[in-house]
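Novice: Quick check, what structure comes out for this input:
(3 chains)
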Amino acid sequence: MSLDFSPILQSWQFLLGGLGLTLGLAALTVLCSLVLGGAIGLARCYGPAWLRLPLVFYIDSMRSVPVLVVLVWTYFALPIVTGAVLPPFWAGLIALTAQIAAYMAEIVRAGVESVRPGQTRAALALGMSRAQAVRQVVLPQAVVRMLPAFGSILSIAIKDTAIASVIAVPEYLNRSQTLAGESFRPIEVYLTAMAVYFITLFPVTRTVDIAYARLAHLGRS
Amino acid sequence: MTRQNDEPDAHVVLAYRDVHKQFGDFVALAGVSMEVRKTEVVCLIGPSGSGKSTLLRCTNGLESIDGGEITLDGQVLPRHGRGMRAVRQRMGMVFQNFELFPHMTALANVASGPLTVLRLPRGEAEARASALLAKVGLADKAASYPSNLSGGQQQRVAIARALAMQPEVMLFDEPTSALDPETIGEVLNVMKALAEEGMTMLVVTHEMSFARRVADHVVVFERGTIIEQGPPAQIFDAPLVPRTRDFLSHLGWEG
Amino acid sequence: MNLHWSVVWDNAGALARGTELTVLLTVLTMAFAVPGGILLALMRLSRSRLLSGASASFTELFRNLPLLLVIYAAYYVLPLALGVAFSPFATALIALGCNVSAYNGETFRAGIASIRKGQSEAALALGMSPWQAMRVVVLPQAARRVLPVLASTWVSLFKDTSLVSVISVGELAYTAMLIRSRTFRVLEMLTAMAVIYWSLGYPQAKLVDWLNRRFGVSE
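Specialist: Coordinates of the predicted model:
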């Protein structure tokens, strides 16, 4: 078996564009998930009681349904319901955000709950309002403990964008498939894809591992 | 007068000759030589980090030594493999943090050595374990898990667990340091009873009154070396070395 | 909007067979990945540089690749590289098995590492061999810490089996999408697919929560 990487070298701009889209989609997904998931997580901890049940239902539903299913449903079925056509990229962003925001909400909740209730009581005893106590006392402690989990979210997001290839988002895996079909060089194309994803993801997971080790001693306060 | 002086020919169980041990740049043992005779209780005292615990851990091979030799009954200790395991079966070890196995009852903890290592039939191993639990005064706790026992009770189970292997010598690594003050006494009483039965014991301890009352021989460590050793009367009442006196007065020992 | 939910009932048999295959894939993958993970963890903790290096490389590789890419690579590269043709189902098992083994390996390693050194020292001091200390003292304690993590890996795996639909393994997602393209009942079939996954996955997710409360160790 002889390997021939020349089709890949010839198409490097095509592939690089795909990688750009992968990273762009992942970054947008993380950003949207941070906002949505953060709001849901805080609402679950501090929101009105009637809101908690639907939020828990949403989070647990996203934990039980595959990303692929959410993606395919958003792309193919949602437009039938709304009547508006969704371009693949936006369908991908919506579906990935719906999934990852649920994980983010759980991370935020765990972070907030890891701060001892005594901290809030102490802040209230100082005369702070509930919102001030959360903002100035609870969140700063919680965020530090959430940092490594944020990193894992980034790496999950990058990996999950590959699934958007199924709805023809022209990200890196999708472009690899196109190139594999055109060049008849699937081995080389997929080996290259493995190298590219590994090189992209390894620094992220490594940093997360180190961050977990560093922060381990903080534990529960 | 101690037994060591009375019986110069008493059988030497453990002998250390110029033992060296280093952790990176830190010299833990800088040439330690001493002996432990049969039925003798030897207490190792000295500031923390002075090498007492390291000597104990080197004795049963939890740490390897870098120089010198340790002999058991005149035979140089093997450092690896089956030989070392056979040696460990002849020494019981009691740890500062008890290290009871949390997923086993007190009885199962005591029976674990005979069952797993000696491969005794379960009935026999458990009979031995029950007898030992009774001996340390915990017959009624046989079915309890370690998390339901007090620190003193856990340490007594740990002593029974070590005794279950019918060791020739018992090694105690600060057995009361992790205990609440009110439970220290029960552990020391078990150890004292063991000493009176004639068990050979090597004890690292900060309990000076125990060393004073029970030890036949006291060894004072500082920075990986022995600065003084002798009978308790000498060490506690008339130390020859000024630094021994400094160490003891630092602990508030007034003799 | 004109919905015909009868398409779901008409194809209930096919969907049931797809669901069966999804469950079978999950069970078989785990059956490979638990021993695989234990093996990886023991290799990683062994004193041999070669074994621990091999285990670390395997683990890092599969932790850092999108599963979908692993599935494609197994499908296109393995037969050409090895000269053996695998069925899509076998390919799916290999890809999922490698991925989950890598995660399980990390889980077991963390579980074993979480048992303090004194425990195995106490076992060694009793005269146990290193393997006896591992089997009698360390592994039973590690199991409690490992169980909740394994359970949540199980749920992820259950969901991830949907990805092997891209190599035409006839599990639930593939079956539902096939019926969709045959009948053009897009909304009905895709919704049915989501509901089936949800109804199977939801109790599992709740079970994981329960296991975490029961056995979980607060970090």
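Novice: so who does residue 98 touch?
Specialist: Reading this off chain A. Residues near residue A:98 by CB atoms under 8 Å, 6 or more residues apart in numbering or on different chains: A:62, A:70, A:74. For the C-beta atoms, the positions are set from N, CA and C on the backbone; glycine is no exception.
Novice: Chain C is the one I meant
Specialist: Contacts of residue C:98 by CB under 8 Å, 6+ apart are C:58, C:62, C:70.
Novice: Most neighbours out of the residues you listed, which is it?
Specialist: Most neighbours among the contacts of residue C:98, by other CB atoms under 10 Å in any protein chain shown: residue C:70, with 23 neighbours.
Novice: Number of residues surrounding the residue nearest to that residue when sequence neighbours are not counted?
Specialist: Counting by CB to CB, 6 or more residues apart in numbering or on different chains, residue C:70 lies nearest to residue C:95, which is 4.8 Å off, once chain neighbours are set aside. When neighbours are counted by other CB under 10 Å, residue C:95 registers 26.
Novice: so residue C:95 touches residue C:69, yeah?
Specialist: No: under the criterion of CB atoms under 8 Å, residue C:95 is not in contact with residue C:69, lying 9.5 Å apart.
Novice: Spatially central, which residue of chain A would that be?
Specialist: With distances taken as CA atoms, centre = their mean, residue A:157 lies nearest the centre of chain A, 3.6 Å away.
Novice: Secondary structure element for the residue nearest to that residue when sequence neighbours are not counted, which one?
Specialist: With sequence-adjacent residues excluded and distances taken as CB to CB, 6+ apart, residue A:157 is closest to residue A:26, at 4.3 Å. In this structure, residue A:26 sits in helix A:12-46 according to DSSP states H and E.
Novice: got the end-to-end distance for stretch C:55-73?
Specialist: Using CA to CA, to the nearest Å, the end-to-end distance of stretch C:55-73 comes out at 20 Å.
Novice: And for stretch A:132-142?
Specialist: 14 Å.
Novice: again, but for stretch C:114-132
Specialist: Start-to-end, stretch C:114-132 (CA to CA) is 18 Å.
Novice: Spit out the contact partners of the residue nearest to the centre of chain A.
Specialist: Residue A:157 neighbours (CB under 8 Å, 6+ apart): A:26, A:29-30, A:33, A:96, A:100.
Novice: re earlier: any idea how far residue C:29 is from the residue nearest to residue C:70?
Specialist: 9 Å (CB to CB, to the nearest Å).
Novice: Check residue A:210 too.
Specialist: Remark: distance between residue A:210 and residue C:29 (CB to CB) = 30 Å.
Novice: now do residue A:61
Specialist: For residue A:61 relative to residue C:29 (CB to CB), the value is 23 Å.
Novice: Residue of chain A nearest chain C, please.
Specialist: residue A:64 (2.8 Å; CB to the nearest CB).
Novice: Sticking with residue B:17, tell me its helix or strand.
Specialist: Element membership of residue B:17, judged by DSSP H and E, is strand B:12-23.
Novice: Could you list every helix and strand in contact with that strand?
Specialist: strand B:26-37, helix B:52-59, strand B:67-72, strand B:200-204 (3 or more CB pairs under 8 Å, 6 or more residues apart in numbering or on different chains; DSSP states H and E).
Novice: List just the nearest of the contacts of residue A:98 to chain B.
Specialist: residue A:62 (35.8 Å).
Novice: List the contacts of the host helix or strand of that closest one.
Specialist: Using DSSP H and E, the element containing residue A:62 is helix A:49-64. Helix A:49-64 is contacted by residues A:40, A:43-44, A:47, A:70, A:98-99, A:101-103, A:105-106, C:155, C:159, C:197-198, C:200-202, C:204-206 when judged by CB under 8 Å, 6+ apart.
Novice: Can you name the element that comes right after that helix?
Specialist: helix A:67-72.
Novice: What are the contacting residues of that next one?
Specialist: In contact with helix A:67-72 (CB under 8 Å, 6+ apart) are residues A:62, A:91-92, A:95-96, A:98-99, A:160, A:163-164, A:166-167, C:159, C:162-163, C:165, C:173, C:177, C:190, C:193-194, C:197.
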